[in-house]
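Q: got a predicted model here, sequence first, then my questions.
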Amino acid sequence: MEKSFLPYLMAFMWMSFLLLMGVWLRARVRFLQRYLVPAGIIAGTIGFALINMGWVGYPSPEGWIPLKVGDFGLVSFHLFSFGFGIIGLGCFSRHTKGRSLTLIKGALWIDLLFWMFYGLQATVGFGITDLYARLTGSATGFLAGFGFAFGPGQALAVGMSWQNDYGLPDCVSMGLAYAAAGFMVANFVGVPLANWGLRRGYATYGSKELSPDFLKGLRTPDKQVSACHLTTHNGNVDTFALHFAVAATVYGLGWIVCYVLKYLILPPNYQTASFGFIYLYALFAGMIVRLIVNHTAAHGFYSDDVQNRILGTTIDYMIISALMAVSAATVMKYFIPFLLVIAACTLITLSGVLYLGRRVGSFGLERLLVVFGLITGTAASGLALLRIVDSDFQTPAAAEVGLNNVYALIPMFPFLLVSVTMPDGFGISGMLIMHVIMILVCAAILLAGHKMKIWGPRQF
């Protein structure tokens with residue numbers, strides 16, 4: 001029975017303890033409040049330090065046995081993939097109906113900037129690491145783009161495929177290290193950027209003081225709101241259990257697709273990538289299940305609010321596990337090129353977003369902040385920055401981020417198929433050419449948008 005706790009249940013217990021510590025520190029430390037550092041990042045950063053010192057583990061008759069960073073990497077991958085299934089369930093929610101032309105154009109603008117800056121980050125990362133005496137191997141620099149723009153989940157998925165299936169060294173740790181650096185940039189560069197916009201009066205709805213509950217991350221009793229409505233009778237099944245069962249079923253459908261592809265459809269050269277794509281198959285399975293729910297009597301018992309609470313929980317734990325999966329020894333091995341890549345990606349992203357965000361027209365500051373958070377952290381990072389200048393989400397920027405996820409699905413699958421199988425497919429030069437083409441296409445579309453006066457001269 002004792003061994004049944006090891007290693008993954010023990011990993012969850014450690015993450016839970018660290019999450020509680022992160023919540024407590026956010027509520028007590030002014031520095032963390034000032035930069036709106038989420039509890040998950042606080043917990044993951046502490047966990048990163050502890051696990052690399054060998055302090056995360058468990059006692060045994062043989063002494064203290066440390067857990068491995070790889071244990072947390074596997075947990076992070078499954079949490080990320082599980083969450084993608086829930087995102088699929090939300091693609092056809094009632095909140096996605098009735099969008100205006102302004103919303104659609106704003107979402108397309110965000111999507112173009114996402115892919116263009118991802119391409120820039122990946123290309124710059126590759127160039128620096130390759131020029132720096134090939135210290136990291138020619139491929140790992142591309143993971144800067146995955147870590148910054150896509151976040152820890154995608155960086156981990158691609159890194160695991162390159163490292164485990166194709167033998168490229170250190171891809172998992174470096175991909176997650178870039179993702180962790182991206183989160184830090186989103187907070188410690190994004191928050192001053194938002195405050196700068198407020199002081200200059202660029203926010204559409206003026207400057208509002210951030211409430212104490214937002215700064216501390218805990219709601220006082222008079223600010224607490226209902227999380228969701230119960231759609232089932234507790235004497236039958238708990239509402240949370242019902243929605244968790246839907247999400248787990250979607251993930252199971254993704255596993256079935258992976259199994260069928262690997263053993264019945266894919267040629268041998270591509271079989272290793274089948275289970276690495278489980279998050280995408282779960283996403284599509286979630287979309288199909290949601291369409292079925294919407295057109296049956298089940299829609300009356302399905303709640304997006306409940307499903308979003310499950311997704312939020314998944315993301316919090318995924319961030320912690322991703323940071324704890326970073327090997328400090330690997331990062332130190334490539335420390336100089338790692339710092340150069342982070343500095344270059346931050347500078348390019350910040351200057352590019354500032355230039356284009358000032359010229360997008362209405363809601364420029366709000367859209368600028370959303371994009372910066374999105375392409376350095378995650379969508380949650382962008383929304384957190386947006387809330388500084390638009391506390392009630394009165395501008396369309398928040399909705400544009402959600403719609404952008406739908407647009408991004410169009411190029412996502414073929415792009416990730418090429419990326420995950422890169423070592424056995426296009427190769428490093430093919431990846432470089434693909435990223436350069438991506439940058440040029442997005443830039444050309446943005447230039448065409450300028451000619452059509454979709455965006456124009458500097459507004460602020």
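A: Good, I have the coordinates. Numbers count the residues shown, from 1 in each chain.

Q: for the closest residue to Ala325 other than its chain neighbours, give me its contacts.
A: Of all residues beyond its chain neighbours, the one nearest Ala325 is Gly73 (3.6 Å), with distances taken as C-beta to C-beta, 6 or more residues apart in numbering. (C-beta placed from N, C-alpha, C; glycine too.) Counting by C-beta atoms under 8 Å, 6 or more residues apart in numbering, Gly73 touches Leu156, Met160, Val172, Leu176, Ser321, Ala322, Ala325.

Q: closest one of these to Leu440?
A: Leu156 (28.6 Å; C-beta to C-beta).

Q: any idea which helix or strand in this structure has the lowest mean pLDDT?
A: helix 397-420 (a mean of 72; mean pLDDT, DSSP states H and E).

Q: what about the helix or strand that that helix is followed by, average pLDDT?
A: Downstream of helix 397-420, the first helix or strand assigned by DSSP states H and E is helix 427-451. Across helix 427-451, the average pLDDT comes to 85.

Q: distance from the chain centre to the one helix or strand Val331 maps to, please.
A: Using DSSP H and E, Val331 sits in helix 328-333. Centroid separation between helix 328-333 and its chain, computed with C-alpha atoms, centre = their mean, to the nearest Å, is 23 Å.

Q: do the same with stretch 155-170
A: For stretch 155-170, the distance to the chain centre is 18 Å (C-alpha atoms, centre = their mean).

Q: ok, stretch 214-230 next?
A: 24 Å.

Q: list the contacts for Leu18?
A: Under the criterion of C-beta under 8 Å, 6+ apart, the contact list for Leu18 reads Ala43, Gly44, Ile46, Gly47, Ile320.

Q: against Phe12, how distant is it?
A: 11 Å (C-beta to C-beta, to the nearest Å).

Q: same deal with Ile265?
A: In terms of C-beta to C-beta, Ile265 sits 34 Å off from Phe12.

Q: ok, Gly73 next?
A: When Gly73 is compared with Phe12 (using C-beta to C-beta), they lie 14 Å apart.

Q: for the stretch 101-250 of the chain, give me the ranges with low pLDDT.
A: By pLDDT under 70, the weakly predicted segments of the stretch 101-250 of the chain are 101-103, 132-140, 206-209.

Q: before we move on, back to that, return the set of buried residues in the helix holding Val331.
A: Thr330, Val331, Lys333 (16 or more other C-beta atoms under 10 Å).

Q: adding pLDDT, write those residues out as a markdown table.
A: Formatted as a markdown table, the buried residues of helix 328-333 follow (pLDDT from 0 to 100):
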| residue | pLDDT |
| --- | --- |
| Thr330 | 83 |
| Val331 | 85 |
| Lys333 | 82 |
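
Q: in CSV, list the residues you listed along with distance to Ser429.
A: As requested, the buried residues of helix 328-333 are arranged in CSV below (distance: C-beta to C-beta, whole Å):
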residue, distance to Ser429
Thr330, 25
Val331, 27
Lys333, 25
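
Q: closest to His450 out of the residues you listed?
A: Comparing the buried residues of helix 328-333 against His450 with C-beta to C-beta places Val331 closest, at 40.1 Å.

Q: element containing His78?
A: In the assignment (DSSP H and E), His78 maps to helix 69-89.

Q: Phe277 is in contact with Ser81, correct?
A: No. With contact defined as C-beta atoms under 8 Å, Ser81 does not reach Phe277; the gap is 9.2 Å.

Q: and these two? Which one has more around it.
A: Neighbour totals were compared for Ser81 and Phe277, and Ser81 leads with 26 against 22 (other C-beta atoms under 10 Å).
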